[in-house]
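In: no sequence on this one, just coordinates:
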């Protein structure tokens, strides 16, 4: 009894000194992992809303200005008083915009198809095959991305002139492929590395050729990576200005180059330029909506294995 009597105060002394009841540590509440406090959640959402507003404001401003008269960029208040689609009617029916649009569609579609074919086959070959110059080819793809457009215009122009490809769709498509293919080949090589090699071996066992294995087995599994490649190739051709301006005549101008005719040394027709910009952005937005579910998977999977 005496031992029990003396041990009680000794056992409860630390709890009394700390001011906590026995077992309070077990009853202490911990915030589940991944949850935020109310203040942190409000701050995060406020930051995201601010960032979204900053990103969307230029687009909305261009759309807003395009609905007003040509001088509305100086006096935005005139837009609400003279709200109309006059700029769009002028651009679509009284300029060469439809011809520019058709030229851009032809060049962008051809660049996308040809760029995806070359980049996917090159990425698959580098991922699966060992051949002389294997590493040199990858370094060549990487080095070509280091040169600015201004440096490459003259040598590319000389090459196209020798091949009689100046002011032709094919010449411009090949030039755009020099931009898109190196980056896309690098990305697809990383994506193909994530696909098990057992699939290739199974294809060879079934009697498929290397190209048959690539086309029938690997391509269906690589749709996310191919979607990103197609999107990048399309944007490269759709919005490029420098090469199109130098290598194509006014007859074959694309949208990005043709829109420059709305501005001169003395003045710029901002109403027509903003309306044309909005119309140009619509096809790019449609293509993005078509491939958006593959974009995240394609971009992340290609970087998981080098």
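Out: Yep, that arrived. Given the structure is predicted, the values throughout are model-derived calculations rather than measurements. Numbering: from 1, shown residues only.

In: Now do the strands in the chain.
Out: For the chain, no strands are identified by DSSP state E.

In: Any stretches of it with poor pLDDT?
Out: The model of the chain has pLDDT under 70 over residues 1-35, 295-306.

In: Tell me which residue is most central in it.
Out: Compute the mean C-alpha point of the chain, and by Cα atoms, centre = their mean the closest residue is residue 232, 5.9 Å away.

In: I'd like the distance between that one and residue 284.
Out: 12 Å (Cβ to Cβ, to the nearest Å). Every residue, glycine included, has its C-beta placed from N, CA and C.

In: swap in residue 274?
Out: 16 Å.

In: Mind checking which of the two has more residues around it?
Out: Each of residue 274 and residue 284 had its neighbours counted (other Cβ atoms under 10 Å), and the higher figure belongs to residue 274 (24 against 15).

In: wait, doesn't the more buried one sit right on residue 58?
Out: No. Contact between residue 274 and residue 58 fails when scored by Cβ atoms under 8 Å: they sit 11.0 Å apart.

In: thought residue 103 was touching residue 249?
Out: No. At 10.7 Å, residue 103 does not count as touching residue 249 under the criterion of Cβ under 8 Å.

In: what about the residue lying closest to residue 131 once chain neighbours are set aside, how many neighbours?
Out: Nearest residue to residue 131 in three dimensions, chain neighbours excluded: residue 125, at 7.6 Å (Cβ to Cβ, 6 or more residues apart in numbering). Using other Cβ under 10 Å, residue 125 has 18 neighbouring residues.

In: quick one: residue 125 from residue 186, how far?
Out: Separation of residue 125 from residue 186 (Cβ to Cβ) stands at 13 Å.

In: Please apply the same query to residue 168.
Out: Separation of residue 168 from residue 186 (Cβ to Cβ): 28 Å.

In: Ok, residue 72 next?
Out: Taking Cβ to Cβ, one finds residue 72 at 44 Å from residue 186.

In: Those two: which is more packed in?
Out: Between residue 72 and residue 186, residue 72 has the larger neighbour count (other Cβ under 10 Å), namely 23 against 19.

In: Just list the residues touching the more buried one, thanks.
Out: Counting by Cβ atoms under 8 Å, 6 or more residues apart in numbering, residue 72 makes contact with 65, 78-79, 82, 270-271.
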